Every structure is written in C-alpha cells, then in structure tokens.
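>>> Take a look and give me a structure for this.
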Amino acid sequence: MNKFTLLVLASLMYPVVTHADVLPMRERSAMIDKMLEDRLANILPTLMEREGIDMWVLISREYNEDPVLKTMLPSTWLSARRRTILVVFNPGEGKPIERMAVARYDVDSLFSKRWDKEKQPNQWQRLVELIQQKNPKRIGINKSQHFALADGMSATEYQEFMQVLPDDTKKRVVSAEMLAVAWLETRSKMEMSVYPSLIKWGHALIARAFSNEVITPGKTTTDDVVWWLREQSREKKLLNWFHPTVSIQRSNDQAFDHIKAFSGSKADQIIRPGDLLHVDFGLSYLRLHSDQQQHAYVLKPGETDAPEYLKKALANANTLQDIFTSNFKQGRSGNEVLKMSREQAIKQGIKPSIYTHPIGFHGHAAGTTLGMWDAQGGVPVQGDYPLHYNTAYSIELNAATFIPQWQKEIRIMLEEEAYFDHQGVQYMDGRQTQFHLIKSESR
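Sure, this is the predicted structure:
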C-alpha cells in the first residue's frame, strides 16, 4: 500500500480539521469581543455581588499585564497601552455596572475613557477623583498570596496606588482574589457554544497523529509525532499553549517514573510494535484552551486489537473517571472530592492518582484544584476552594495496573475537558474508551 493510499484512508477514518472549521482572524476577533461584552454585561455583576466588591480596580503597564486585565482587553488590543487602568463599579439596586478606563484611550467600546490628560495631567489623581465620586464600600485589587492569576498588580503599581489614596479610602481596599478567580473560572453560555469545537479539533489531530498517516513503526520517533502536532496546529491556524509530549510504555524492565512522566522532558524514542503510546497535547482558540491526554497501541504483526490486559487497564482508568466526576457537587471543595474519589477507587481495587485542574482562559487555570500528582493528600488553599457551577475542568488522572505479561505496573494517563453545571459533569467531546490502533505492517 503506497503513501497516497494511506493518506486517503486516514482522511476517511479520522475527522480532519479544515481551514473552514476555524474562523478567519477577523471573524475570530468579532467573536472574542462578542463573548467578552456578554461576560462583562451578564456575568460580572452577579460575581461582584456574590463576592461583596462594588468597585474593582485593575492596573497594568504595557507588556507587564495583569492576567485578569488581559482577559478584559478587546481582541485587537494585544497588550495594555502605556498605563491602563480599568475600573468596574457596581452601583447596586439592579443598575448596570459602569465600566471605565482611566487611560489615554477608550478601551474599544468595552470601557469608556474617563481621563482627559489636558484637564488633569496626573493619571493617579484622576483615579482618586473617580473613586471619590463613586464612593464605593469595598475597592478590590488583584493581590493574592495563593492564587497566582489573581496576583496581577505589580509591586510598583500597588505602591503608587496606595500612596495617592486618602487614609479613609485606603481602609476600603481589599484583595479581589475571589472575584478574580470567579471571573476567570466562570464560563458563559456563549463560550460553551464554541468550546466543544476546540476539543473536537484536538481529538481529531490526536487521532491522526496516532495513526499510520504519521507513524511507521520501526522508523517514526516520538519527537517526529510531537513536531507533526506542532506543525499541524499551525497549519490549521491554531496555537499550542505548551509543547506536546509523546511517550512510550513497553514490555521491558523500565519502571514508570513520575518525575519523567510529568516533567515533559522525555527522550526521543523509536516507536515499535507492542508499544503503548501516550500523548499530552493542548490548543488555544478564542482565548480558550484545551489539554488532552490519550493512548494508542501499536499492533504487533498478526494482531487486530490491543491485548485484553491493556484494555482492562484502560477500563480501570475510565472507571476512575466515573467515580471522580460523580463526586462533583457545588460547594464541595477540591480536597473533599479528591479524598472521596480516592477512597472509593481503592475500595474497588483501583490504584488512583488524581490531578485535575480548571481550564478556560488559561490552561492551568484559576479555580478549584483537585489534587496534584505529587499531592494526593490534598492541596492547601487552592484545594479548599469550593466548586461552582458553570466552570470547566481538565479531568486529569491516571490509574495504575500491574501487567503480569510485562511483569510491571503501567499507568493509563487520561485527560479530557468537561463542563460542570447543575446537571453534573459532561465531557465536551466525549472521552477515550478505546485505544487508537496503529498497524505495524502493510495489509
């Protein structure tokens, strides 16, 4: 069978991401702005009321942006401009929030300019004037010891801001960390109408990468697959937010190594028949992110399916997923879900490791942490943060299974994007329940 025939067969077997699927840059820009306007108008007021902050002040200088402020910039602003100060004020009583920019420019139509440098040369004094006019009870700023993405105000900006505030106003300044986390973790209906497409495209590229379109056993290396994924992401006008990894577990005397498995520094290896392959792959699109892990089996000559002992190992990991996601309940902490899930899995004879994280505006996003691979007893603070509805997670975990035929323990490491709301946890584009199969010989 020649290379062209293999490519044709691959295109029929696996869904292909085409340029038509991904919006052109102009339409992409319009969609980002539409989703942002919707979030600011319909999500932010509720979150501000929930967290008890009636004024939120975000301050950044160009190229040193607060991570939260960056999510509030219009699509055509690739950075802040000079010093950009965004002020959100919630007057309460059902009135719409006010969105103001103490900056040289309007921030598109999202934040109206409230500083005229010719009338008031001092930008800081203009900010103080605006605060005094609105007379907020609590002024939130992005400072946080434990949530990095909510700690975006630089030391210099904080020092200068506090220096210009009158003493009675300084007393109203509080950390906005819970509001910042809430803003970052909450997904809108509009976002969720497009998010599954990104996950589908990731699955499609993994399926092609783990096929004979890309892999010729005995010749192709793991790095060949990694760089194919990088090239294909760019060809489809998508970006990777981290460098992919492809690794191998096989029948030899090499034991599973946690550090190597999670460090991303795996040696380049030739792929051979009988190998169990693993990929970790993530994309970015419309300011949203994916993070996916799946497995493939390289068939030995004469084989038509993966061995039953490997399929049983995959089934164990799927069962762990079911146990874990069934324990998601609003208000329950990540540490509670982790503990419950591990105990239930162990009772069922599964050796679990759970390290699930929120996903959305960032790959490793703000929100409830549900274990880390090296913290299976729980994560202080971030793991104590409660689950909220309308949030998205990378359901990341592994189940260890001893394989007598290989005389060692292997890990089935899975990661799939899911959405949590009042109906429970739903995978955005399904999950892996069968191995991708790669032939070792032409047929």
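>>> got the CA positions of whichever strand or helix holds Ser394 in CSV?
For Ser394, the host element (DSSP states H and E) is strand 391-403. The C-alpha trace of strand 391-403 is given here as CSV (Å, rounded to 0.1, in the frame of the first residue of the first chain):
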residue,chain,number,x,y,z
THR,A,391,-17.0,26.0,35.3
ALA,A,392,-14.7,23.8,33.1
TYR,A,393,-12.1,21.3,34.1
SER,A,394,-9.4,19.2,32.6
ILE,A,395,-10.3,15.8,34.1
GLU,A,396,-6.7,14.6,34.5
LEU,A,397,-5.8,11.4,36.3
ASN,A,398,-4.2,8.0,36.0
ALA,A,399,-4.9,4.5,37.1
ALA,A,400,-2.0,2.1,37.7
THR,A,401,-2.5,-1.5,36.7
PHE,A,402,0.0,-4.4,37.2
ILE,A,403,0.5,-6.2,33.9
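>>> after it, next one along is what?
For strand 391-403, the following helix or strand on the C-terminal side (DSSP H and E) is strand 408-421.
>>> Distance-wise, check Glu308 relative to Val379.
36 Å (Cβ to Cβ, to the nearest Å). The way it works is simple: take the backbone N, C-alpha and C, and place the C-beta from them, glycine included.
>>> Show me which of those two is the more surrounded one.
Relative neighbour count places Val379 above the other of Glu308 and Val379, with 20 against 10, counting by other Cβ atoms under 10 Å.
>>> where does that one land in three-state SS?
The three-state label given to Val379 by DSSP: H, G, I helix; E, B strand; the rest coil is coil.
>>> Who are the contact partners of the residue nearest to it when sequence neighbours are not counted?
Taking Cβ to Cβ, 6 or more residues apart in numbering, and ignoring the residues beside it in sequence, Val379 has Thr369 as its nearest neighbour in space, at 4.8 Å. For Thr369, the contacting residues are Gly334, Thr356, His357, Pro358, Val379, Gln382, Gly383, Tyr385, taking Cβ atoms under 8 Å, 6 or more residues apart in numbering as the criterion.
>>> Just the ones in helices from these, please.
In helices, defined here by DSSP state H, the members of the contacts of Thr369 are Gly334.
>>> By neighbour count, which of the contacts of Thr369 wins?
Neighbour max across these (other Cβ under 10 Å) = Pro358, 28 neighbours.
>>> And the pLDDT at it?
The score at Pro358 is 98. That number is its pLDDT.
>>> Thought Arg187 was touching it, still the case?
No: with the criterion set as Cβ atoms under 8 Å, Pro358 and Arg187 do not qualify as a contacting pair; they are 9.8 Å apart.
>>> Quickly list what's touching both of those two.
Residues touching both Pro358 and Arg187 (Cβ under 8 Å, 6+ apart): Thr391, Ala392.
>>> Ala345 contacts Ser326, correct?
No: here Ala345 lies out of contact with Ser326, judged by Cβ under 8 Å, at a distance of 11.2 Å.
>>> The two: which is more packed in?
Set side by side, Ala345 and Ser326 give different neighbour counts by other Cβ under 10 Å, the larger being at Ala345 (22 against 14).
>>> Against Glu396, how distant is the more buried one?
Applying Cβ to Cβ, one obtains 15 Å for the distance of Ala345 from Glu396.
>>> Could I get the phi/psi values of the residue nearest to Leu397 when sequence neighbours are not counted?
Excluding the flanking residues, the one nearest Leu397 by Cβ to Cβ, 6+ apart is Ile354, at 4.5 Å. The phi and psi torsions at Ile354 (degrees, to the nearest 10) take the values phi -120, psi 130.
>>> what residues are up against Ile354?
Contacts for Ile354 were tallied using Cβ under 8 Å, 6+ apart; they are Leu320, Phe324, Leu338, Ser341, Arg342, Leu370, Gly371, Gln376, Glu396, Leu397.
>>> Next, count neighbours for the fifth one.
By other Cβ under 10 Å, the residues close to Arg342 number 22.
>>> Okay, buried residues for stretch 355-372 please.
355-372 (16 or more other Cβ atoms under 10 Å).
>>> same deal with stretch 405-418?
Of all the residues in stretch 405-418, those buried under the rule 16+ other Cβ under 10 Å are Trp406, Lys408, Ile410, Arg411, Ile412, Met413, Leu414, Glu415, Glu416, Glu417, Ala418.
>>> Output it as PDB - backbone C-alpha positions only.
Taking C-alpha atoms only, stretch 405-418 is exported to PDB below (Å, rounded to 0.1, in the frame of the first residue of the first chain):
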ATOM      1  CA  GLN A 405       2.700 -10.200  30.900                       C
ATOM      2  CA  TRP A 406       5.100  -7.300  31.200                       C
ATOM      3  CA  GLN A 407       5.900  -8.000  34.800                       C
ATOM      4  CA  LYS A 408       5.400  -4.400  35.800                       C
ATOM      5  CA  GLU A 409       2.900  -1.700  36.600                       C
ATOM      6  CA  ILE A 410       1.800   0.700  33.900                       C
ATOM      7  CA  ARG A 411      -0.200   3.900  34.100                       C
ATOM      8  CA  ILE A 412      -3.200   4.800  31.900                       C
ATOM      9  CA  MET A 413      -3.000   8.600  32.000                       C
ATOM     10  CA  LEU A 414      -6.100  10.300  30.700                       C
ATOM     11  CA  GLU A 415      -7.100  14.000  30.400                       C
ATOM     12  CA  GLU A 416     -10.400  15.300  28.900                       C
ATOM     13  CA  GLU A 417     -12.200  18.600  29.100                       C
ATOM     14  CA  ALA A 418     -15.500  18.700  30.900                       C
END
